[in-house]
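S.K.: here is my input, please return the structure:
(chains A and B)
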Amino acid sequence: DAGVTQSPTHLIKTRGQQVTLRCSPKSGHDTVSWYQQALGQGPQFIFQYYEEEERQRGNFPDRFSGHQFPNYSSELNVNALLLGDSALYLCASSLRGPRTYEQYFGPGTRLTVT
Amino acid sequence: AQKITQTQPGMFVQEKEAVTLDCTYDTSDPSYGLFWYKQPSSGEMIFLIYQGSYDQQNATEGRYSLNFQKARKSANLVISASQLGDSAMYFCAMREGGNNAGNMLTFGGGTRLMVKP
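M.R.: Numbering: from 1, shown residues only, chains lettered A, B, ... in the order given. All right, here's what the predicted structure looks like:
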């Protein structure tokens, strides 16, 4: 049973560029959340997708956008990259319903903006 | 105000001893859930234990137990019989609202646990 997978593992981009990160949820999960974790800090919630729609959003600018596909996988897009966007980006999947507390994280994508 | 506070940036514990990692939270929602995650140097967040606000008993999962004191708004993680592999960052997190409120987690700043042989 595959867990949450993310690609790529590492990424280096230049200021002003755009980046797309990908996430495949754990088998059977239908909800995907994205988090940004700056060095030495706890993760911060970016947004959550369920039924191909953004359902919740944290305090992040519109430069951060996402998408969920019919197979529940998801993409995180960041436009006009800033140095401060350098972080570990974590994807978490879960199943809507009574056991929604079972939220599993992927290994993350480490983004470096130079 | 911080919603999740972890006051111990770093802690040492001797192998085979028990250790308590502190977490206090702030919410006005009567329905919430509290989580603990372990993050090794590889970066992946590993789910350890969950406590619902209406749960009558403290949660336990193997060597992990959660000391839930609702009136004090604290949810401390107790690790018994520490092992070298327990060395990692530990994060306390909260989800506000019931099961249909979404899965947004608010995390604390974390505690780095180091287990000494």
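S.K.: going forward, measure contacts between C-alpha atoms and count neighbours the same way
M.R.: Fine.
S.K.: ok, now which ones touch residue A:53?
M.R.: The contact partners of residue A:53, by C-alpha atoms under 8 Å, 6 or more residues apart in numbering or on different chains, come to A:67, A:68.
S.K.: go with 7 Å
M.R.: Neighbouring residues of residue A:53 by C-alpha atoms under 7 Å, 6 or more residues apart in numbering or on different chains: residue A:68.
S.K.: mind checking pLDDT for it?
M.R.: pLDDT recorded at residue A:53 is 93.
S.K.: who does it form a beta bridge with?
M.R.: For residue A:53, the beta-bridge partners are residue A:50 (DSSP bridges).
S.K.: and residue A:79, how far from chain B?
M.R.: Relative to chain B, residue A:79 is positioned 23 Å away (C-alpha to the nearest C-alpha, to the nearest Å).
S.K.: what number of residues lie near that residue?
M.R.: Residues contacting residue A:79 under the criterion other C-alpha atoms under 10 Å in any protein chain shown number 15.
S.K.: wait, it sits on residue A:17?
M.R.: Yes: counting by C-alpha atoms under 7 Å, residue A:79 touches residue A:17, with 6.5 Å between them.
S.K.: skipping adjacent residues, who's closest to residue B:18 in space?
M.R.: Distances taken as C-alpha to C-alpha, 6 or more residues apart in numbering or on different chains place residue B:80 nearest to residue B:18, at 4.2 Å, with adjacent residues excluded.
S.K.: distance of residue A:28 relative to residue B:108?
M.R.: Residue A:28 sits 29 Å away from residue B:108, taking C-alpha to C-alpha, to the nearest Å as the criterion.
S.K.: of those two, which one has the most company?
M.R.: residue B:108 (25 against 11).
S.K.: OK, contacts around residue A:31?
M.R.: Residue A:31 neighbours (C-alpha under 7 Å, 6+ apart): A:49, A:50, A:93, A:94, A:95, A:96.
S.K.: number of nearby residues for the closest residue to chain A within chain B?
M.R.: Using C-alpha to the nearest C-alpha, residue B:44 is the residue of chain B that sits closest to chain A, at 4.2 Å. The tally of other residues near residue B:44 (other C-alpha under 10 Å) stands at 18.
S.K.: write a ChimeraX command that selects only the buried members of the contacts of residue A:31.
M.R.: Those of the contacts of residue A:31 that count as buried under 16 or more other C-alpha atoms under 10 Å in any protein chain shown are selected in ChimeraX with:
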select /A:49,50,93,94,95,96
